[in-house]
Every structure is written in C-alpha cells, then in structure tokens.
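A.B. asks: Fold the following and give me the result.
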Amino acid sequence: MKKAVIFDVDGTLVDSVDLHARAWQEALAQFGHPVAFEAVRGQIGKGGDQLLPVFLSKEEISKYGKQIEEYRGALFKRQYLSQVTGFPQVRDLLQQIKRNGQHIALASSAKKDELTTYKRIANVEDLTDEETSTDDAEKSKPHPDIFKAALDRVGVSANEAVTVGDSPYDAEAAGKLGLQTIGVLCGGFSEADLRQAGCIAIYRDPADLLADLDRSPITRD
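C.D. replies: Next comes the predicted model:
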C-alpha cells in the first residue's frame, strides 16, 4: 500500500476545466488574441506560465503576459468560480484513503487562494495533510515542481506515493519524478491521451476509483 496519495484538483476533484477554458479564452481575446475554445481547453492543467507560451510570443508575454493572467484570474473569480462543483463521492474517496492510514496531499496548478476555495467546494478541507499550488513552484505542470514540493511536504519518496490526475500534464510532471499516475476521465481528456502520457490505470471519476479502491494502485503495489 502506498504511504501517500497526491491529488490534482481541477478536473479531478472539482468540475472546473470548461470554466477555466472560457476564462482563458476571454482573457486572450481581450488582449487581441482570439483562440478557439477547444484549443484553450486542451491546455488546461497547466499554469499560466506554461499555457501562455502556446498562444503568445516571448515578446508578447513580456509585454502583457502578466496583465492577461491577472485579467483571467479576476474574471474567473467574478464570473466562473461560483459555478464550480465537486465531483460525486470525492469526500467518500478521501475519507476511505485516510481510514487506510495513508497521507493525502493536493498538488494543483491553481493559485493558493483558488485552491482554498476548491477544498471547500469539494468538502475536503479537513481531509488533506498537505497542499501545494502554483505559488509553491518555479514552473507549473508539466514541469515536476509542484509534485516535488508535495512529496517533500508529506515526507515520502516517489515510489511510496501515487498521484491522481485528469490531464496528460499531471502524468508527464509526475513521471519526471518516477511518480506513478492514476488517470480520471472526468476532466475531459481521452483515455488514449492519458495512457500515452504514462497513466498506469484509468477510472471514470472519483466515484469509480472509490468503487475499485481495494484493487487500485493506491492500495495494491
């Protein structure tokens, strides 16, 4: 049995991927960069430091990248955050993991204040031992910084933990540390994309993972 389980949050514990994509799409358009929704959606799971270079040049990022991120953050909180909901049985899943004696950490590309709100929405504020956000990392996913910080805070090695995430960027980031990833489909990425990125098991959502927990890589090495 693994000593710790590290969860991504957006698209894994809370249903927010489409809302983030809309906020980024609107923010980019506001600064003269209209982008198709699906193009933006395919980048959700990264922090702004990794998402913006997909759509903007280095010169554009230097000129107004920070303004776009700030605009996006304010827009998301004002217009979209209230629409975020937790996926079914998230609390039940984390409670069972805690009963098993395992540590739980969150590792998200969200900002720290957003992460605090997500914990409340998912009703897991009292169930997490540690958390890391994009504020704790030099680079966001698919770089491994956020997961490295989570491992350090929990005090376990990569082979003593497993992560759960919805995007290929979770699996890519974790894989750089030798950390295995369980993929969930509720964030909207395909099973093929998750497996190609390195996920060792795929579940529909947290409820599906809970139903199979005793046979999953969380419980069985």
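A.B. asks: CA only for contacts and neighbour counts going forward, please
C.D. replies: Noted.
A.B. asks: Buried residues of the lowest-mean-pLDDT helix or strand in the chain, list them for me.
C.D. replies: Lowest mean confidence among the helices and strands of the chain (mean pLDDT, DSSP states H and E): helix 112-122, at a mean of 93. By 16 or more other C-alpha atoms under 10 Å, the buried positions in helix 112-122 come out as 112, 114-115, 118-119, 121-122.
A.B. asks: Same check on stretch 24-43?
C.D. replies: Judged by neighbour count using 16+ other C-alpha under 10 Å, the buried positions of stretch 24-43 are 24-28, 40-43.
A.B. asks: re earlier: what helices or strands is the least confident helix or strand of the chain leaning on?
C.D. replies: strand 14-15, strand 85-86 (3 or more C-alpha pairs under 8 Å, 6 or more residues apart in numbering; DSSP states H and E).
A.B. asks: and the protein, what are its domains?
C.D. replies: Structurally, the chain divides into domains by automatic domain parsing as follows: 4-15+85-215, 17-83.
A.B. asks: any idea which of those is most buried?
C.D. replies: When the domains of the chain are scored by mean count of other C-alpha atoms under 10 Å, the highest mean neighbour count falls to domain 4-15+85-215 (a mean of 20).
A.B. asks: Run the chain-centre distance for that one.
C.D. replies: Mean-position distance between domain 4-15+85-215 and its chain equals 6 Å (C-alpha atoms, centre = their mean, to the nearest Å).
A.B. asks: With stretch 46-53 instead?
C.D. replies: The answer for stretch 46-53 is 13 Å, by C-alpha atoms, centre = their mean.
A.B. asks: follow-up on the earlier one: so which of the buried residues of stretch 24-43 is the closest to Val14?
C.D. replies: Of all the buried residues of stretch 24-43, Arg41 has the smallest distance to Val14: 15.5 Å, by C-alpha to C-alpha.
A.B. asks: The closest residue to the closest one other than its chain neighbours sits in which helix or strand?
C.D. replies: Distance criterion C-alpha to C-alpha, 6 or more residues apart in numbering; nearest residue to Arg41, sequence neighbours excluded, is Ala21 at 4.9 Å. Using DSSP states H and E, Ala21 maps to helix 17-30.
A.B. asks: which secondary structure elements does the helix or strand just after that helix contact?
C.D. replies: Counting by DSSP H and E, the next helix or strand C-terminal to helix 17-30 is helix 37-41. On a contact count with 3+ C-alpha pairs under 8 Å, 6+ apart, helix 37-41 meets helix 17-30.
A.B. asks: tell me the mean pLDDT for the helix it packs on?
C.D. replies: When pLDDT is averaged over helix 17-30, the result is 98.
A.B. asks: same thing with stretch 50-67?
C.D. replies: The average pLDDT for stretch 50-67 rounds to 97.
A.B. asks: gap between the two ends of it?
C.D. replies: Terminal residues of stretch 50-67 are spaced 15 Å apart (C-alpha to C-alpha, to the nearest Å).
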